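S.K.: got a sequence here, can you model it:
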Amino acid sequence: MKILYIESKSRKADIKISKSEIKKLPKKIFLAYTVQFKDFTLQFKKQLKENKIQVEKTQQVLGCSKINTKSPILLIGTGRFHALNLYLQAPSVFILEGDKITKIPESEIQKLKQKRKTALIKFLHAENIGILVSTKPGQENLKIAEKIKKQLIKQKKKPYIFLANNIDINQFENFNIQSWINTSCPGLANDNTNILNHTELPKK
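M.R.: Residues are numbered from 1 along each chain as shown. Prediction:
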C-alpha cells in the first residue's frame with residue numbers, strides 16, 4: 001500500500017496583519033510555524049521586514065520540535081500545544097492566531113513549570129517506573145528507552161517499557177506505576193503530572 005502525504009493549508013497567503021499588531025513584537029524574533037501555515041508565513045515574513053522586524057530564522061515545527069535560539073519566538077499556528085513546548089526554549093513566546101498577536105502570559109508559564117517540578121518529584125520517589133515508547137515514525141525512541149531502563153536498574157528502581165502507537169494516559173491507572181518517563185512527543189507531559197520527559201531526567 002502506498003501512502004501519499006498532502007500538505008494542508010488553513011488560510012490565504014495574502015492576508016495582511018495590521019501594523020498595530022506587529023508593533024507588539026520585539027525587534028528581533030525567531031519565526032516558527034506549523035505546516036498548514038507555510039505559504040502564509042513566507043508572505044508574512046516580508047511584511048515583518050517592511051515593519052523593520054528582523055527574523056533570525058524561519059522554521060516549521062511540530063509539538064516535539066527543538067529550537068536553538070536566544071531570541072523571542074513568534075509561532076504562527078493555532079492553540080497552545082506547540083507554543084507551550086517552545087516556551088522552555090526561548091526567553092518569550094508570541095502566537096499569531098487569526099489576525100491577532102498575543103504573548104504567552106507568565107502565569108501560564110509558571111503553572112506549567114510547577115507541573116514539571118511535580119513530575120520530577122514523583123519520579124524521584126517512585127519505585128515502579130513506566131517508560132513510554134511510541135511506534136510512530138519520527139517519535140520512536142526505543143534505544144533511548146533501553147538506555148534509560150539500564151540506568152534506572154542501577155538506581156535500584158523497577159523500570160518497564162511500554163510500546164504503543166497511540167499512548168492513552170487514561171489507561172495509566174491499570175498499571176502499578178508511580179511515574180512515567182516519556183520518550184515520544186514532549187507535549188504528552190503537559191497533560192499529566194505523573195509523566196516526565198526523558199530530557200528532564202536528572203543528570204548523573
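
S.K.: after the lowest-mean-pLDDT helix or strand in the chain comes which helix or strand?
M.R.: Across the helices and strands of the chain, mean pLDDT, DSSP states H and E gives its lowest value to helix 81-86, namely a mean of 60. Next along the chain after helix 81-86, taking DSSP states H and E as the criterion, comes strand 93-97.

S.K.: right, and the helix or strand after that following strand?
M.R.: As assigned by DSSP H and E, the chain's next helix or strand after strand 93-97 is strand 100-103.

S.K.: that following strand pairs with which strands, parallel or anti?
M.R.: In the sheet containing strand 100-103, its partner strands are strand 93-97 (antiparallel), by DSSP bridges.

S.K.: in the strand it pairs with, what's buried?
M.R.: Neighbour-count burial for strand 93-97, with 16 or more other CB atoms under 10 Å as criterion, is recorded at 93-96. From N, CA and C alone the C-beta is placed, and that goes for glycine too.

S.K.: quick check, nearest of those residues to E127?
M.R.: The closest of the buried residues of strand 93-97 to E127 turns out to be V93 (CB to CB; 36.5 Å).

S.K.: now the closest one, which residues is it bridged with?
M.R.: Note on V93: beta-bridge partners by DSSP bridges are I73.

S.K.: isn't it up against I104?
M.R.: Yes: using CB atoms under 8 Å, V93 is in contact with I104, at 4.6 Å.

S.K.: before we move on, back to that, of the buried residues of strand 93-97, which is the nearest to Q59?
M.R.: Using CB to CB, V93 comes nearest to Q59 of the buried residues of strand 93-97, at 13.7 Å.

S.K.: kindly provide the distance from the closest one to T183.
M.R.: Separation of V93 from T183 (CB to CB, to the nearest Å) stands at 24 Å.

S.K.: could you list the domains of this structure?
M.R.: 19-104, 118-200 (automatic domain parsing).

S.K.: could I get these as TSV with distance to K111?
M.R.: Listed next are these as TSV, based on distance: least, CB to CB, whole Å:
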stretch	distance to K111
domain 19-104	10
domain 118-200	10
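
S.K.: mind telling me which of those domains the model trusts least?
M.R.: The minimum mean pLDDT among these belongs to domain 19-104 (a mean of 84).

S.K.: which parts of stretch 163-173 are buried?
M.R.: By 16+ other CB under 10 Å, the buried positions in stretch 163-173 come out as 167, 172.

S.K.: alpha carbons only: can I get it in CSV?
M.R.: C-alpha atoms of stretch 163-173 as CSV (Å, rounded to 0.1, in the frame of the first residue of the first chain):
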residue,chain,number,x,y,z
LEU,A,163,5.3,0.4,23.4
ALA,A,164,2.2,1.8,21.8
ASN,A,165,1.1,3.5,18.6
ASN,A,166,-1.3,5.8,20.5
ILE,A,167,-0.5,6.5,24.1
ASP,A,168,-3.6,6.8,26.1
ILE,A,169,-3.0,8.4,29.6
ASN,A,170,-6.4,7.2,30.7
GLN,A,171,-5.0,3.7,30.8
PHE,A,172,-2.3,4.5,33.3
GLU,A,173,-4.4,3.6,36.3
